[in-house]
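>>> Turn this into a model:
(2 chains)
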Amino acid sequence: MQSLSDSFLLAISLVFSGDQNLWEIVALSLQVSLSATVLACIVGLPVGALVAMARFRGRGVLLTLMNALMGLPPVVVGLLVYLHLSRSGPMGFLGLLYTPTAMIIAQTILIAPIIAALSRQVLQDLNAEYADQFHSFSLTRGQAGRALLWDGRFALMTVALAGFGRAIAEVGAVMIVGGNIDHLTRVMTTAIALETSKGDLALALALGIILLFLAMSVNAAVQALQQSAGRWAHG
Amino acid sequence: MRDAAIMPLHLQDVSLHLDGRAVLDRITLDLGPVGCTMVMGPNGAGKSQLFRILHGLREPDAGRIDWNGSATKDARWRQAMVFQKPVLLRRSVAANVDFVLHARRSDRTRVSALLDLVGLADKAGQPARQLSGGEQQCLALARALATDPEVLFLDEPTASLSPASVRAIETIVRGALDRGTRVIFITHDAGQARRLADDVVFLHQGRVAAHGPADTFFSNPPAGVVRKYLAGDILN
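Numbering: from 1, shown residues only, chains lettered A, B, ... in the order given. Okay, here's the model as predicted:
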């Protein structure tokens, strides 16, 4: 077993050596998690906007449910997607199990509630400010919802970032539906788990370093965009 | 062919209670088809709540509102309202006007003309929320006028603005009046009411304390609360 310092040095050299295996894993991780984030935004943002604007009986129960779904356990989501995509499941004929598509589906299910619940909170505050004016303009619900989404776009970037952070860091769901197959469905988190169990701390640490770097880079980029563009729009 | 005009307006026994208090108490009022009506009265008299009801932002508890035979929900499409604190979208000046034109399926090439009308043509590309208070209110007016309203509600649009901004807004309002827009305007400024009003409605404690032509209202104000208010007394 390597010492921690040896492993760390090896990890750094792996990162800068352009190791094909390592970067293949990184690329697939980004592909899966970014796709899941985009899909979850397509589903979650309109739901968030709709619930932010609507007043109906049972809304409180729905809000509680939406908030509770933010804490969906990844392994449970993975198991449910597995049951649906496995050969004997209702969507087994699609042959998606152990493919990146299955991993995207699982992560989308995992983070769509996060996007919906957080965007609902952001857009509800914005709607409280705009509602009378929108009513005065006689906007339809669709027009008002689209305007809220556009005017809340900088705050919603943080929401999308929270979803991406959850997706890129989760291991349980993608492990179950992806199977951690080398050169096919192996992503950073599943590779870290595997290499750690094998005792190859260098590769695990290298992936860990890249994962941290990616998370911080995406965070910093979104924050910079928010500050510059947000200042322009909000005045 | 456009439907019949929504003015004149008739209110019959319109009441509103908030937190167990009568904010509007059996308001009965007739407003004619043209000109500028100034709504005056001390804070808490019910002026803004009356506007919210007339503009369909709130339902009254009781009473009847007749927009020349139409209900408020049908008439709202043909009204516009400018609030005391303008709510501008987080977009450029031009995009704020374009938003309304697009939403109303109106001619979007009118953006420049509307900004020109309110003196903001040179600030079209600026963020709307970075305008001064007076400019923000002018932009809110441009957006309201973009809907080609038959009736324009103005809820203290010049409160806390500089004299130059007040003058600019009054010029825009006069222009709208000249084009035939019916203006209903809340103000605490008696001078402004003298300059713009054709008739004045004075509300006090949720009731119409006086309603009449502006010249009579100011030259020979009714005794009691109106006279005290115009003399600068603080009313409850």
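>>> Please make it C-alpha for all contacts and neighbour counts, starting now.
Fine.
>>> Okay, helices next: where are they in chain A?
A:4-17, A:20-53, A:59-69, A:74-85, A:100-136, A:141-151, A:153-169, A:172-178, A:188-198, A:201-234 (DSSP state H).
>>> Would you reformat those helices as JSON lines and include distance to chain B?
As requested, the helices of chain A are arranged in JSON lines below (distance: least, Cα to the nearest Cα, whole Å):
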{"stretch": "helix A:4-17", "distance to chain B": "42"}
{"stretch": "helix A:20-53", "distance to chain B": "15"}
{"stretch": "helix A:59-69", "distance to chain B": "21"}
{"stretch": "helix A:74-85", "distance to chain B": "37"}
{"stretch": "helix A:100-136", "distance to chain B": "6"}
{"stretch": "helix A:141-151", "distance to chain B": "6"}
{"stretch": "helix A:153-169", "distance to chain B": "10"}
{"stretch": "helix A:172-178", "distance to chain B": "39"}
{"stretch": "helix A:188-198", "distance to chain B": "39"}
{"stretch": "helix A:201-234", "distance to chain B": "5"}
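>>> Show me the shaky parts of chain A.
A:1-3, A:230-235 (pLDDT under 70).
>>> same thing but 50
The model of chain A has pLDDT under 50 over residues A:235.
>>> can you check chain B too?
In chain B, residues with pLDDT under 50: B:1.
>>> Near chain A, which residues of it are found?
Chain B comes close to chain A at residues B:55, B:57, B:76-77, B:80-81, B:87, B:89-92, B:100, B:103, B:127-130, B:147, as judged by Cα under 8 Å from any Cα of the partner chain.
>>> Filter these down to the ones in strands?
In strands, judged by DSSP state E, the following of the residues of chain B next to chain A are found: B:80-81.
>>> Quick check: helices, which of the residues of chain B next to chain A are part of them?
B:100, B:103.
>>> Leaving out sequence neighbours, find the closest residue to A:Leu85.
With sequence-adjacent residues excluded and distances taken as Cα to Cα, 6 or more residues apart in numbering or on different chains, A:Leu85 is closest to A:Gly92, at 4.5 Å.
>>> okay, now that neighbour: neighbour count?
15 (other Cα atoms under 10 Å in any protein chain shown).
>>> How much space separates it from A:Ile181?
As defined by Cα to Cα, to the nearest Å, A:Gly92 lies at a distance of 19 Å from A:Ile181.
>>> same check, this time on A:Ala49
The value you get for A:Ala49 to A:Ile181, if Cα to Cα is used, is 38 Å.
>>> okay, these two: which has more neighbours?
Between A:Ala49 and A:Ile181, counted using other Cα under 10 Å, A:Ala49 has the larger neighbour count: 27 against 14.
>>> Would you list the phi and psi of the residue in chain B sticking out farthest from the centre?
When distances to the mean C-alpha position of chain B are computed (Cα atoms, centre = their mean), the maximum falls on B:Gly125, with 27.4 Å. Dihedral angles of B:Gly125 (phi, psi; degrees, to the nearest 10) stand at phi -90, psi 0.
>>> same check, this time on B:Leu29
phi -160, psi 140.
>>> Contact partners for it?
B:9-12, B:208 (Cα atoms under 8 Å, 6 or more residues apart in numbering or on different chains).
>>> switch the cut-off to 10 Å
The contact partners of B:Leu29, by Cα atoms under 10 Å, 6 or more residues apart in numbering or on different chains, come to B:9-14, B:65, B:201, B:208, B:211.
>>> swap in A:Asp19?
A:Ser13.
>>> where does it sit relative to B:Thr37, distance-wise?
From A:Asp19 to B:Thr37 the distance is 78 Å (Cα to Cα).
>>> So which bits of the helix ranked longest in chain B are buried?
Secondary structure assigned by DSSP H gives helix B:163-178 as the longest helix of chain B. Along helix B:163-178, these residues count as buried under the neighbour rule (16 or more other Cα atoms under 10 Å in any protein chain shown): B:165-166, B:168-170, B:172-174, B:176-177.
>>> returning to what we had before: which of the helices of chain A has the highest mean neighbour count?
The highest mean neighbour count among these, using mean count of other Cα atoms under 10 Å in any protein chain shown, belongs to helix A:172-178: a mean of 26.
>>> how far does it sit from the chain's center?
On the basis of Cα atoms, centre = their mean, to the nearest Å, helix A:172-178 sits 14 Å off its chain's mean C-alpha point.
>>> and what of stretch A:151-169?
When distances are taken as Cα atoms, centre = their mean, stretch A:151-169 is centred 8 Å away from the chain's centroid.
>>> so what's the residue nearest to A:Leu85 up against?
A:82-86.
>>> Repeat that for B:Arg64.
Applying Cα under 10 Å, 6+ apart, we find B:Arg64 in contact with B:10-15, B:26-28, B:71-72.
>>> And for A:Leu28?
Per Cα under 10 Å, 6+ apart, neighbours of A:Leu28: A:34, A:100, A:183-188.
>>> so how far is A:Gln31 from B:Ala4?
59 Å.
>>> now A:Leu123
28 Å.
>>> Next, the contact list for A:Thr185, please.
Contacts for A:Thr185 were tallied using Cα under 10 Å, 6+ apart; they are A:25, A:28-29, A:32, A:98-103, A:174-175, A:177-179, A:191.
>>> same thing but 7 Å
A:98-100, A:178-179 (Cα atoms under 7 Å, 6 or more residues apart in numbering or on different chains).
>>> Pick out the most distant pair among those.
A:Pro100 and A:Gly179 (9.9 Å; Cα to Cα).
>>> how far does stretch B:61-73 stretch from start to finish?
Stretch B:61-73 end-to-end distance (Cα to Cα) = 16 Å.
>>> which parts of that stretch are buried?
For stretch B:61-73, by 16+ other Cα under 10 Å, it's B:62-67, B:70, B:72.
>>> thought A:Cys41 was touching A:Pro113?
No - the pair A:Cys41 / A:Pro113 is not scored as a contact, 9.7 Å apart, by Cα atoms under 7 Å.
>>> Can you show me the strands along chain B?
With DSSP E as the criterion, chain B has strands at B:9-18, B:21-31, B:36-40, B:62-67, B:79-82, B:151-155, B:182-186, B:199-204, B:207-213.
>>> residue furthest from the geometric center of chain A?
Most distant from the centre of chain A: A:Ser136, at 36.9 Å, with distances by Cα atoms, centre = their mean.
>>> measure it to B:Leu16 for me?
20 Å.
>>> got it, and B:Ala121?
41 Å.
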